[in-house]
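# heads up, no residue letters with this:
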């Protein structure tokens, strides 16, 4: 019943196009990951939240770029570049975290331990 | 700062950011430049038939060059942080994984994955695909080998370092060719654009695969030091 309401009320209107939905979901992901990034104290959770924030940015970039003119290759190529950089940055953060743990650090920063 | 206050502030920040982004998306201006049409118009000069590959390696090749540099920086830091005794620590993981079924599986699966990677690299010139996807596939084959217990991390030495830098070095060399004939950096000669782009993509595939694989293989062993940690840390 709620699905039907969604379809008739929102999707039918010209305002809510598919690319707008992509971008809004991307904004939602960024908001959620912001809460996770600042709310969590475990370093691993913060790294994951930051990675998720990047995914939200990519979703906005790719989603908004799909105009009625067709698929825009320029933002897609930029997002492809961004994904690779995000993967390597996340891997680097995880490696530094593992090294920090291996050299005696704990999974939370000193100011968050109580 | 106590937990309650931190969570409240984080929630406020998240909701505010979501509201701001929603407003920005809602009122975003429609672009006056028709980028897809611009790309389609000059696709014939780029040497590739796929618009995304053309953008990646011709129109915006500066981005790709810097991206490869970022990958190289990440793997250099990884190799610098790798522990000297990590090989011994990793080899202890090998014994349980040397299962005959796993060995037989990887013997058949890894060549196939590498083959698919090469196909994806080749397909990048006329359909979705390209160096990064192919590199990721080949790196996945390497990760599979490592998880199955093959001691590939022990072969890493000078040759690995050459392979890691090869992509960036060849890319910069080809980009500098144009400087000799008085053209700006990163201009491909029009006759050879397709071949040069494919050559760059091939070496990039090798370097990206080795980079992603090295990021996995040489990550510091976090488990080996668990024994000398307090028990509180162990529980987490």
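That came through fine. Computed from a predicted model, the values in this text were never measured in an experiment.
# do you know how far the closest residue to residue A:64 other than its chain neighbours is from residue A:61?
In this structure, residue A:64 finds its nearest non-sequential neighbour in residue A:23, 4.8 Å apart by C-beta to C-beta, 6 or more residues apart in numbering or on different chains. (Each C-beta comes from the backbone N, C-alpha and C, glycine too.) Per C-beta to C-beta, to the nearest Å, residue A:23 is found 9 Å from residue A:61.
# The two - which one has more neighbours?
Neighbours were counted for residue A:23 and for residue A:61 using other C-beta atoms under 10 Å in any protein chain shown; residue A:23 has more, 26 against 19.
# Show me the domain layout of chain B.
B:1-28, B:49-220 (automatic domain parsing).
# Single out the most deeply packed of these.
domain B:49-220 (a mean of 18; mean count of other C-beta atoms under 10 Å in any protein chain shown).
# and that one, does that touch chain A?
Yes. Shown here: domain B:49-220 in contact with chain A (C-beta under 8 Å from any C-beta of the partner chain) through B:51-52, B:54-56, B:59-60, B:63-64, B:67, B:70-71, B:74-75, B:77-78, B:81, B:83, B:132, B:208, B:211-212, B:215-216, B:218-220.
# what is the mean pLDDT for that domain?
Averaging pLDDT along domain B:49-220 gives 83.
# And that domain, end to end?
42 Å (C-alpha to C-alpha, to the nearest Å).
# Would you pull up the residue in chain B closest to chain A?
residue B:18 (3.1 Å; C-beta to the nearest C-beta).
# Which helix in chain A has the most residues?
helix A:73-102 (DSSP state H).
# did I read that right, the residue nearest to residue A:64 in a strand?
No. Using DSSP: H, G, I helix; E, B strand; the rest coil, the secondary structure at residue A:23 is helix, not a strand.
# which ones are touching it?
A:59-60, A:63-64, B:25 (C-beta atoms under 8 Å, 6 or more residues apart in numbering or on different chains).
# Next secondary structure element downstream of the helix or strand harbouring the residue of chain B closest to chain A?
Taking DSSP states H and E as the definition, residue B:18 sits inside helix B:3-26. As assigned by DSSP H and E, the chain's next helix or strand after helix B:3-26 is helix B:35-41.
# Go through that next one and flag the buried ones.
By neighbour count on 16 or more other C-beta atoms under 10 Å in any protein chain shown, the buried set for helix B:35-41 is B:35-36, B:39.
# can you tell me which residues contact residue 59?
This is for chain A. Per C-beta under 8 Å, 6+ apart, neighbours of residue A:59: A:22-23, A:25-26, A:29.
# To clarify, I was referring to chain B.
A:74, B:39, B:42, B:46.
# could you redo the last one with a cut-off of 10 Å?
When contacts are counted by C-beta atoms under 10 Å, 6 or more residues apart in numbering or on different chains, residue B:59 touches A:73-74, A:77, B:35, B:38-39, B:42-43, B:46, B:51.
# cool, residue A:58 as well?
Neighbours of residue A:58 in contact, by C-beta under 10 Å, 6+ apart: A:26, A:29, A:75-76, A:78-80, A:82-83, A:86.
# how close does residue B:6 get to residue A:31?
Relative to residue A:31, and taking C-beta to C-beta, residue B:6 is found at 17 Å.
# what pLDDT, on average, does stretch A:72-92 get?
pLDDT averaged over stretch A:72-92 gives 89.
# does chain B sit close to that stretch?
Yes. Contact between stretch A:72-92 and chain B, assessed by C-beta under 10 Å from any C-beta of the partner chain, occurs at A:72-85, A:87-92.
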